[in-house]
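> give me coordinates for this.
(chains A and B)
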Amino acid sequence: MYFSSILVSSALFLGTALNADQTKEEFILPSSILEIKGDLAYGEYLASDCQTCHRSDNKNEGIPGINGREITEIVYALHEYKNKYRKNEVMQMMAGGLGDEEIAALASYFASLQ
Amino acid sequence: MSINRRSFIQTAAAVTASLSAPMVMANGGKPRVVVIGGGAGGATAARYIAKDSKGAIDVTLVEPSRTYYTCFFSNLYLGGFRDLGSIAHSYGNLASEYGINVVHDWAVDIDRGGKTVSLAGGGTLYYDRLVLSPGIDFVDGAVEGWDLNAQNKMPHAYKAGSQTELLKAQLASMPSGGVFAMVAPPNPYRCPPGPYERISMIAHMLKKSNPTAKIIVADPKPKFSKMGLFQEGWANHYDGMIDWIGSEFGGGNVSVNPEAMTVSIDGEETKVDACNVIPAMKAGRICEMAGITDGKWAPVSAHDMSSKVDSNIHVLGDASMQGDMPKSGFSANSQAKVAAMAIRGALTGSKVFPAKFSNTCWSLVDTNDGVKVGATYKATDEKIAKVDGFISKTGETADVRKATYEESLGWYAGITADMFG
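Next up, the predicted model:
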């Protein structure tokens, strides 16, 4: 756990110049974050904010559908946006306002959708 | 007795069938929500309440228009980037897929004591909770010389549809080297970057069809939303074409003469060939009729968008006075979800979570040159308060601007699906 946290902090220093593919290797979340069990009902409410752009029918007309993705993938993506590892100002802002519990809830909810 | 009852039922059925609006009908004692206004706030609220309550709440949506033209992206129609059909939406899915009772009529009165809404067609709707999302109306006498009777000569085009078509036709028939003027509105108003995206789109259209035409903007404000980004874009794409006159240079001292087609700015009269007057705004009239306004807008609680005057009424979008959020379709959509959750909680006991809001406004400056501004918000006891935000930067690469424009297309497809199902 301590080791993981050190990786996160060191990755934070490397962050800005890296693209999404590279950050996948560098950005490591501690198991304490990955193991949070998401609250589905809370996730459903929070997801309504996402579904203004990420369509609930999962169609991609310029912004990708995110239904049915793996929980870990969504948790990583949101933490990467939150820490500005991934580019996109809208997503950095949206994820920036989410706590660890909220990210877990969203990931559980979107992973549960078709 | 049985004959009486049967004849009563038959009569009641006949009366119901003869009315354009549904009357009080046996609804199995389900709580009733009436939503007035089928735009980004109202359509979203109706859909989320119906969808998430899974039939436990009767939802009626009152909206005069059968076809809804989104105000957002209507500037892109003026610029030739979208056709009108692509911003037109119907309420068919809300009725057929979500069981919402869609009533095409005008709400003309609200009795808060009796919890009823009167319709222009003569019907009466009963509610347990009422959602008002009527958008904006214009303040009488806001621009000297202009009133709604003049809207054909000098369109406002700030409620999308025939007004937008009219403005586009007038721009297209301007003589070579002619003059277009816009009278911009004072704060606060619907869609802060809207007038300036419109100027960009009109400049884009005129640059192609009438490159010696001139654009004058009379503005009662000293600065405006995304000002640096728009001014950078105007210099890059439409150099010398646009003359923006802010309040410091008399832009707020304006009168118009729709008959003579003249605009007077700070005492100087100019003959114009087309003119877009966007007057000062206020909450849609029904809020005033309901007696829930304070000045021009309807104050609400940030926690659930309920009126500060009547907690059984929720006010969404442009009409509400809520704090830091701009009056935008995205804001109305975001507020609708908070209100829908609170209303379900109050009527069915479903779980209610703390309110969260967000907004992003994309604007198009020229082909593939998109910019954006956005923020997240939280509810405090005082108001909806800004938490964090961003804005596009001047000098961004063409790739970034193109990606921003493409993202706006995805957002349009997303929000309209979120509103209309």
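
> can you tell me the residue of chain B closest to chain A?
Using CB to the nearest CB, the single residue of chain B nearest to chain A is B:Gly410, 2.7 Å away. Where C-beta positions appear, they are placed from N, C-alpha and C, glycine not excepted.

> tell me the contacts of the nearest residue to that residue once chain neighbours are set aside?
Sequence neighbours aside, A:Gly62 is the residue nearest to B:Gly410 in space, at 2.7 Å (criterion: CB to CB, 6 or more residues apart in numbering or on different chains). A:Gly62 is in contact with B:406-411, B:413, counting by CB atoms under 8 Å, 6 or more residues apart in numbering or on different chains.

> and the residue of chain B closest to chain A, what does it touch?
Here B:Gly410 is in contact with A:53, A:60-63 (CB under 8 Å, 6+ apart).

> could you list the residues of chain A in contact with chain B?
Neighbours of chain B within chain A, by CB under 8 Å from any CB of the partner chain: A:41-42, A:45-46, A:48-49, A:51-57, A:59-63, A:89-90, A:92-94, A:96-97.

> weed out the non-buried ones from these.
Among these, the ones that count as buried by 16 or more other CB atoms under 10 Å in any protein chain shown are A:42, A:45-46, A:48-49, A:51-56, A:62-63, A:89-90, A:92-94, A:96-97.

> mind checking which helix or strand the residue nearest to B:Gly410 is in?
Counting by DSSP states H and E, there is no helix or strand that carries A:Gly62.

> circling back to that earlier point, for the contacts of A:Gly62, give me JSON lines that also has pLDDT and secondary structure.
As requested, the contacts of A:Gly62 are exported to JSON lines (pLDDT from 0 to 100; DSSP: H, G, I helix; E, B strand; the rest coil):
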{"residue": "B:Glu406", "pLDDT": "97", "secondary structure": "helix"}
{"residue": "B:Glu407", "pLDDT": "97", "secondary structure": "helix"}
{"residue": "B:Ser408", "pLDDT": "98", "secondary structure": "helix"}
{"residue": "B:Leu409", "pLDDT": "97", "secondary structure": "helix"}
{"residue": "B:Gly410", "pLDDT": "97", "secondary structure": "helix"}
{"residue": "B:Trp411", "pLDDT": "97", "secondary structure": "helix"}
{"residue": "B:Ala413", "pLDDT": "97", "secondary structure": "helix"}
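
> among those residues, which ones are buried?
B:407-411, B:413.

> tell me the one of the residues you listed nearest B:Phe357?
B:Trp411 (16.1 Å; CB to CB).

> need the contact list for the residue nearest to the closest one when sequence neighbours are not counted.
Using CB to CB, 6+ apart and skipping residues adjacent in sequence, the residue nearest B:Trp411 is A:Cys53, 5.1 Å away. Residues in contact with A:Cys53, defined by CB under 8 Å, 6+ apart, are A:63, A:90, B:410-411, B:414-415.

> quick one: A:Cys53 from B:Met341, how far?
19 Å (CB to CB, to the nearest Å).

> ditto for A:Lys82
The value you get for A:Lys82 to B:Met341, if CB to CB is used, is 24 Å.

> repeat for A:Ser48
Using CB to CB, A:Ser48 is found at 8 Å from B:Met341.

> what's around B:Phe230, how many residues?
For B:Phe230, the count of nearby residues is 22 (other CB atoms under 10 Å in any protein chain shown).

> who's in contact with it?
Contacts for B:Phe230 (CB under 8 Å, 6+ apart) come out as B:193, B:196-197, B:199-200, B:224, B:363, B:365, B:371.

> that one in helix, strand or coil?
helix (DSSP: H, G, I helix; E, B strand; the rest coil).

> equivalent analysis for B:Pro186, please.
Following three-state DSSP, B:Pro186 is assigned to coil.
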